[in-house]
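Q: below is the sequence, then the predicted model.
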Amino acid sequence: MKKILFISVLSLLSCNRNTQQAHPPVGGVLSKSDLDISRDRMKNLNALERNQIQDWIGGQTEKFYPTQLNYWVNTEGFDKRERRQDESLISYSYDLYDFDQTKIYDQPVARRDAKFGHFDELKAVENALRFIHDGEEVTLLVPSSLAYGTFGDEKKIDNDIPLIIKLKAL
């Protein structure tokens, strides 16, 4: 019995000796300089992606128009339309493409009777759903900050990837 007690006390004491540097947990507090570095990185990435998307648009026959939220859509005056209100319902689907126009997922993302203010969606998709007409289909050109951002979707979409989204209100 004394041996078991001695081994237990020894193992507890050895657990307290931690020589590794402590790191803040995911979602932990960052310093001001860390936040400044992150902000500057996103600002530079967004400027780079905007230039790349505008160059891509220049090579297309279809016209795209910038929106107030920082994505492009193939419908002029799109985000000047009347907005759908919170609590209203919408059914929709969309396909995701990269800028090589390769479809990322075989099946579209689809939602039935989603209620505004109560569903979690990509920022650009949620914003576009506010202005889309029933039965209408639009194409969105979305910088990574309004898509899956710094982390990607942890499946097929890497971090910092701008997307083409073909959105349809059902």
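A: Arrived safely. Numbering: from 1, shown residues only.
Q: for Lys155, grab phi and psi.
A: phi -130, psi -90 (degrees, to the nearest 10).
Q: give the next helix or strand downstream of the longest helix that the chain contains.
A: Criterion DSSP state H: the longest helix present in the chain is helix 32-58. Remark: after helix 32-58, the chain's next helix or strand is strand 65-66, criterion DSSP states H and E.
Q: could you say what helices and strands that following strand packs with?
A: strand 72-73 (3 or more CB pairs under 8 Å, 6 or more residues apart in numbering; DSSP states H and E). Where C-beta positions appear, they are placed from N, C-alpha and C, glycine not excepted.
Q: quick one: the strand it packs on to chain centroid distance?
A: 16 Å (CA atoms, centre = their mean, to the nearest Å).
Q: using PDB, write out every CA atom in the helix or strand that comes right after that strand.
A: Proceeding N to C from strand 72-73, the next assigned helix or strand is strand 89-97, under DSSP H and E. The C-alpha trace of strand 89-97 is given here as PDB (Å, rounded to 0.1, in the frame of the first residue of the first chain):
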ATOM      1  CA  LEU A  89     -38.700  32.700 -45.000                       C
ATOM      2  CA  ILE A  90     -36.700  31.800 -48.000                       C
ATOM      3  CA  SER A  91     -35.700  28.500 -49.800                       C
ATOM      4  CA  TYR A  92     -32.500  28.500 -51.800                       C
ATOM      5  CA  SER A  93     -29.600  26.500 -53.100                       C
ATOM      6  CA  TYR A  94     -26.100  27.300 -54.300                       C
ATOM      7  CA  ASP A  95     -23.100  25.700 -55.900                       C
ATOM      8  CA  LEU A  96     -19.500  26.700 -55.100                       C
ATOM      9  CA  TYR A  97     -16.700  27.100 -57.700                       C
END
